[in-house]
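Novice: Need the 3D shape of this:
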Amino acid sequence: MPLSNSTVRSFRIDKSLSETLNAEAERMGVSVNAMINSVLKQYAEFTRFQSKLDMLIIHREILRSLLARLNEDESFTLGLDMGKDIPNDTILFWKKNISFETVLEYIEKIICTYGYVGTFDELETGKHKIIVIRHRLGTQGSHFLLGFMKSLLKQTLQIEPEIDITDYSVKIQLELK
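Specialist: Now for the predicted structure:
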């Protein structure tokens, strides 16, 4: 029998909270245990750092609307500017070092999984790591993300990857060494 990578914890919660958790777990088709593990993982990996990283949550439509007021060059330039210092500072505070792995984890978790900018997918071939971010920010969002990713990868890893965009996705191709 393989060793479990979990530990048992016991704690009390309000009855009304318990009922909410039961209903939500049933709606999601998962156990309460699985759902709580997911919630605690998000807290451990992101939420506990959120205020320290000076992050806030806004409705996606607000961001989409703001970006739609810019032209392609303005969206791209804004992305370049935002990608210069913010990711580097965030990764250093969050992970304590800058590496290929921590930068990719930042893109996956901070931008996509917990930042809800888009969905993250990746593929590794023998020579490349390909990352695709599918989002709902429109054309200007793609131009913003193009600038942001170019600047992020240049500032943190000193690389200039091939990046392609569509109206609703960004594809980043990183060369593996």
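
Novice: contacts for the helix or strand of the chain at the bottom of the mean pLDDT ranking?
Specialist: Ranking every helix and strand in the chain by mean pLDDT, DSSP states H and E puts helix 48-50 at the bottom, with a mean of 87. With CB atoms under 8 Å, 6 or more residues apart in numbering as the test, helix 48-50 has contacts from 93-94. All C-beta atoms are positioned from the backbone trio N, CA, C, and that covers glycine.

Novice: one more time with 7 Å
Specialist: Contact with helix 48-50 is made by Trp94, as judged by CB atoms under 7 Å, 6 or more residues apart in numbering.

Novice: residues touching the spatially closest residue to Leu157 that is not a sequence neighbour, list them.
Specialist: Nearest residue to Leu157 in three dimensions, chain neighbours excluded: Val103, at 5.8 Å (CB to CB, 6 or more residues apart in numbering). Val103 is in contact with 91, 156-157, counting by CB under 7 Å, 6+ apart.

Novice: do Ser38 as well
Specialist: Contacts of Ser38 (CB under 7 Å, 6+ apart): none.

Novice: helix, strand or coil for it?
Specialist: Secondary structure state of Ser38, per DSSP: H, G, I helix; E, B strand; the rest coil, is helix.

Novice: longest helix of the chain?
Specialist: Counting by DSSP state H, the longest helix found in the chain is helix 72-95.

Novice: re the thing from before, may I see the buried residues of the least confident helix or strand of the chain?
Specialist: Judged by neighbour count using 16 or more other CB atoms under 10 Å, the buried positions of helix 48-50 are Phe49.

Novice: coming back round to it: starting at the chain centroid, how far to the longest helix of the chain?
Specialist: Relative to its chain's centre, helix 72-95 lies at 13 Å (CA atoms, centre = their mean, to the nearest Å).

Novice: Would you mark the buried spots in the helix or strand that comes right after it?
Specialist: Elements were assigned by DSSP states H and E; along the chain past helix 72-95, the next helix or strand is helix 100-105. Residues of helix 100-105 classed as buried by neighbour count (16+ other CB under 10 Å): 102-105.

Novice: List just the nearest of those to Ser4.
Specialist: Relative to Ser4, the closest of the buried residues of helix 100-105 is Glu105; by CB to CB it sits at 24.8 Å.

Novice: returning to that earlier point: look up the pLDDT of the residue nearest to Leu157 for me, please.
Specialist: With respect to pLDDT, Val103 has a value of 97.
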